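Engineer: show me how the following folds:
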Amino acid sequence: MKYQEALDYLAGLGKFGIHLGLERISGLLTFLDHPERKFKSIHVTGTNGKGSTCAMLEAILRSAGLKTALYTSPHLVSYTERMVLDGSDVSEADFALAIAAAKAAVEKMAAAGLEHPTEFEVITAAAFWLFAEKKVEYAVVEVGLGGLLDSTNVIVPEVSLITNISLEHTDRCGSTLEEIAAVKAGIIKEGVPVITAAQPPALAVIEETARKKKSALQRLGQEFCVAGVLAAKGQQIRLTLHGDVWPEFSMALLGRNQLDNAALAMTAAALLGEREPRITRAAIARGLETACWPGRFERIAGRPEIIIDGAHNPAGAVCLRANLDELEPQKPRVFLLGILADKDVSGILGALIRPEDRVVVVPPASERAASPEVIAAQIKARQVVCCEEIFQGLEQAKTMAGPDELLCVAGSLYLVGTVRSLLGL
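Structural biologist: A predicted model of the protein is given here:
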């Protein structure tokens, strides 16, 4: 199978939709001889910050000299981004090889009369197969949707991480923070330690689940705390873990919200280091200093300066607005916005857009994209323009923004991926 053939095969699986549950992925992994049992893993869920936390933790483990893998979704530009080996996206050849292996297992399932797996289940199984083939020591695995019934929840990790919890995917995960927390807490396994940045009322659900599972729980603001100094080109972080104040470390990822994510990664690394002597504080410092996660408060130097952020829900919009207000309070802002129709559009706009801002609205590169006109009708800003193509919208936004102003791209990872490609990143 060649790479394009792998993409065509995955595209054909779209007809099976999104169906949460572990029966299909379990069957698929059985036919692949359970690759998920052949490496150690760390499982990460939450509403926002999952990817950043995963990226920092993988960078720490790699800095310790361990052979690592990273599994995340969705991708920004290429499917190969979803499977990372030792800090680099897998090659197209390896991606195709993994999809071919999963496809052969799917055909065996069909011959046995079993239900056909979904696209995400096939990619997940393919990633686990490839990680096992490459003899990975540790894989950092991001939950796709929710937790309890997400197809990644077949792993039994060394530690489970829950970043934070806010309202999202209410059609699938519940309409209250407590209901969503119960779904996210579904990744907690019997006796497996849990680390979380969740706050009340969601925290109480996680605490109860951890108690029932006899899983040691570490909570941001209780067992560990974090302080930091935010700057335009980086930030300093200081972790306090069980009363022990760590030295101040530098970190590459920008944004006040990244301090919490880094604290989760550091606490997980410290826990893993109790059993793996290569994971030292020096390795943690190196990992934080080098970790990269594109499209999350990513600054592109130029005139105008461009900030790209995948904020696609109200909580993410609140973080983006806070970071902009703290780092660039004086610069006038032009936004290039694209939002999916199934997102909380009013919540995103209310958190992010000020009356003095100017906005260009485009449809993200997704069949779920909201109409620019529908979005624009809800924006109360100084100037609002609609464009039907992302390239056209980007050029319009550049024209609107003066050389000393700020152009911010936000609203959807599908938009972020396209814009990064257009900018040659």
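Engineer: phi and psi next, for residue 164.
Structural biologist: The phi/psi pair for residue 164 (degrees, to the nearest 10) reads phi -150, psi 170.
Engineer: err, residue 180, not the other one
Structural biologist: Dihedral angles for residue 180 - degrees, to the nearest 10 - are phi -70, psi -40.
Engineer: how near is it to residue 41?
Structural biologist: According to Cβ to Cβ, to the nearest Å, residue 180 and residue 41 sit 23 Å apart. C-beta: built from backbone N, CA, C; applies to glycine.
Engineer: which non-adjacent residue is nearest residue 342?
Structural biologist: residue 368 (5.9 Å; Cβ to Cβ, 6 or more residues apart in numbering).
Engineer: from residue 317, how far off is that neighbour?
Structural biologist: 18 Å.
Engineer: tell me which of the two has more neighbours.
Structural biologist: A direct count of neighbours by other Cβ atoms under 10 Å for residue 368 and residue 317 places residue 317 higher, at 24 against 13.
Engineer: what sits against that one?
Structural biologist: Residue 317 makes contact with 311, 347, 348, 349, 351, 352, 410, according to Cβ atoms under 8 Å, 6 or more residues apart in numbering.
Engineer: any idea which element it lies in?
Structural biologist: helix 314-327 (DSSP states H and E).
Engineer: quick one: low-confidence ranges for the stretch 101-250 of the chain?
Structural biologist: Where the stretch 101-250 of the chain drops to pLDDT under 70, the residues are 169-172, 231-233.
Engineer: apply 80 and report the result again.
Structural biologist: 167-175, 230-234 (pLDDT under 80).
Engineer: what segments of it are helices?
Structural biologist: With helices called from DSSP state H, counting those that start in this stretch, the stretch 101-250 of the chain shows them at 119-133, 170-173, 177-184, 202-212.
Engineer: so which elements touch the last one?
Structural biologist: So the one you mean is helix 202-212. For helix 202-212, the packing partners by 3 or more Cβ pairs under 8 Å, 6 or more residues apart in numbering; DSSP states H and E come out as helix 177-184, strand 194-196, strand 217-219.
Engineer: same list (these) but as CSV, adding distance to residue 118 and mean neighbour count.
Structural biologist: Formatted as CSV, these follow (distance: least, Cβ to Cβ, whole Å; neighbours: other Cβ atoms under 10 Å):
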stretch, distance to residue 118, mean neighbour count
helix 177-184, 18, 22
strand 194-196, 27, 27
strand 217-219, 32, 20
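Engineer: including distance to residue 227, could these go into CSV?
Structural biologist: Output for these, formatted as CSV (distance: least, Cβ to Cβ, whole Å):
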stretch, distance to residue 227
helix 177-184, 26
strand 194-196, 18
strand 217-219, 16
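Engineer: and those: which comes nearest residue 63?
Structural biologist: Closest approach to residue 63 among the helices and strands packed on helix 202-212 (Cβ to Cβ): strand 194-196, 19.3 Å.
Engineer: winner for burial among the helices of the stretch 101-250 of the chain?
Structural biologist: Stretch with highest mean neighbour count among the helices of the stretch 101-250 of the chain: helix 119-133 (a mean of 25; mean count of other Cβ atoms under 10 Å).
Engineer: list the contacts of the nearest residue to residue 148 once chain neighbours are set aside.
Structural biologist: Once flanking residues are discounted, residue 148 sits nearest to residue 186: 2.5 Å by Cβ to Cβ, 6+ apart. By Cβ under 8 Å, 6+ apart, the contact set of residue 186 is 146, 147, 148, 149, 153.
Engineer: now, which of those residues lie within strands?
Structural biologist: Among these, no member falls in strands (DSSP state E).
Engineer: ok, so of these, who is nearest residue 199?
Structural biologist: Nearest member of the contacts of residue 186 to residue 199, counting by Cβ to Cβ, is residue 147, at 17.3 Å.
Engineer: now do the contacts for the closest one.
Structural biologist: Contact analysis of residue 147 by Cβ under 8 Å, 6+ apart lists 45, 153, 162, 183, 184, 185, 186, 187.
Engineer: isn't the second one right up against residue 187?
Structural biologist: Yes. Applying Cβ atoms under 8 Å as the test, residue 153 and residue 187 come out as touching, 5.7 Å apart.
Engineer: what secondary structure does residue 402 sit in?
Structural biologist: Following DSSP: H, G, I helix; E, B strand; the rest coil, residue 402 is assigned to coil.
Engineer: could you give the number of residues near the residue nearest to it when sequence neighbours are not counted?
Structural biologist: Using Cβ to Cβ, 6+ apart and skipping the chain neighbours, the partner closest in space to residue 402 is residue 304 (6.7 Å). Residue 304: 21 surrounding residues under other Cβ under 10 Å.
Engineer: against residue 234, how distant is residue 304?
Structural biologist: Distance, residue 304 to residue 234, by Cβ to Cβ: 21 Å.
Engineer: give me the most central residue, this structure.
Structural biologist: For the chain, the residue nearest the mean C-alpha position is residue 51 (2.7 Å; Cα atoms, centre = their mean).
Engineer: report the contact partners of the residue nearest to residue 342.
Structural biologist: By Cβ under 8 Å, 6+ apart, the contact list for residue 368 reads 340, 341, 342.
Engineer: let me see the backbone angles for it.
Structural biologist: Dihedral angles of residue 368 (phi, psi; degrees, to the nearest 10) stand at phi -90, psi 10.
Engineer: against residue 413, how distant is it?
Structural biologist: In this view, residue 368 and residue 413 are 12 Å apart by Cβ to Cβ.
Engineer: cool, residue 226 as well?
Structural biologist: Residue 226 sits 26 Å away from residue 413, going by Cβ to Cβ.
Engineer: and if you look at residue 316?
Structural biologist: The spacing between residue 316 and residue 413, counted by Cβ to Cβ, is 10 Å.
Engineer: any common contacting residues for these two?
Structural biologist: residue 310.
Engineer: quick one: which of the contacts of residue 368 has the most company?
Structural biologist: Counting neighbours by other Cβ under 10 Å, residue 340 comes out on top of those with 19 neighbours.
Engineer: please list all residues in contact with the residue nearest to the centre of the chain.
Structural biologist: Residue 51 touches 72, 142, 293, 296, counting by Cβ under 8 Å, 6+ apart.
Engineer: for residue 349, same thing?
Structural biologist: Residue 349 neighbours (Cβ under 8 Å, 6+ apart): 317, 375, 378, 379.
Engineer: how about the first one: what's its closest non-neighbour residue?
Structural biologist: Meaning residue 317. According to Cβ to Cβ, 6+ apart, the nearest residue to residue 317 is residue 351 (3.8 Å).
Engineer: pull the number of nearby residues for the one you found.
Structural biologist: Using other Cβ under 10 Å, residue 351 is surrounded by 19 other residues.
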